[in-house]
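**Student:** Sequence plus predicted model, see below.
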Amino acid sequence: MKRPLRREFMFQLVETSRLLRTYVDQRARQHGTTRAQWGVMSRLRRQEGLNQAALAEQMDLQPISLARLLDRLQGQNLIERREDPADRRAYRLYLTREGRALVDDLDEVRTAIAQEVLGGVDEGSILSALETLATIREQTRAQREDMMRMSASAGQTA
């Protein structure tokens, strides 16, 4: 029995995402890092000097989970924490020279992965998929925010 189109699309989207995450994890491990660490370092290269709270919010991570990731990255000399001159309790995050070199290497890996998995897909299809994914992302974000607001208001009335 064939699944309805939208359910099949969601199944394929989730399954493809799972496969890609697993593959990217494997490729990251070949470079001595994890997908999560790679994500943090990539974000810091784009926005050096972020504080931990802003980075956690942007990456949708719990602060304690991010703190552990940052501890590992700092222990590997890939990032450094510098005191925030505006707030002595906070730290600003920066890549080290080693961290920047690793992110540069990982950019080449990202390019290779894109070629490997999208090599047989024409640009028009990729553009169409990007538009579709952007719509799905925004609708999902809106639904999640609505749910969080409803949960918060339900907690206030309890």
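**Tutor:** Nice, I can see it.
**Student:** Pull the distance from the longest strand seen in the chain to the chain's centre.
**Tutor:** Ranked by residue count, the top strand of the chain under DSSP state E comes out as strand 87-95. A distance of 21 Å separates the centroid of the chain from that of strand 87-95, by CA atoms, centre = their mean, to the nearest Å.
**Student:** Now it: buried residues?
**Tutor:** Neighbour counts over strand 87-95 (16 or more other CB atoms under 10 Å) mark 91-95 as buried. (Each C-beta comes from the backbone N, C-alpha and C, glycine too.)
**Student:** I'd like those residues as JSON lines, with distance to Leu102 and pLDDT appended.
**Tutor:** Shown next, in JSON lines, are those (distance: CB to CB, whole Å; pLDDT from 0 to 100):
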{"residue": "Tyr91", "distance to Leu102": "21", "pLDDT": "90"}
{"residue": "Arg92", "distance to Leu102": "20", "pLDDT": "95"}
{"residue": "Leu93", "distance to Leu102": "15", "pLDDT": "97"}
{"residue": "Tyr94", "distance to Leu102": "14", "pLDDT": "98"}
{"residue": "Leu95", "distance to Leu102": "9", "pLDDT": "98"}
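**Student:** can you give me the strands for the protein?
**Tutor:** Listed in chain order, the strands of the chain (DSSP E) span 79-84, 87-95.
**Student:** any weak-confidence spans in this structure?
**Tutor:** The model of the chain has pLDDT under 70 over residues 1, 156-158.
**Student:** what residues are up against the spatially most central residue of it?
**Tutor:** Taking CA atoms, centre = their mean, the centroid of the chain lies closest to Gly39, which sits 5.1 Å from it. Taking CB atoms under 8 Å, 6 or more residues apart in numbering, we find Gly39 in contact with Met59.
**Student:** any idea how far Gly39 is from Arg45?
**Tutor:** 11 Å (CB to CB, to the nearest Å).
**Student:** quick one: the longest helix along the chain to chain centroid distance?
**Tutor:** For the chain, the longest helix by residue count, based on DSSP state H, is helix 123-157. Taking CA atoms, centre = their mean, the mean C-alpha location of helix 123-157 is offset from the chain mean by 16 Å.
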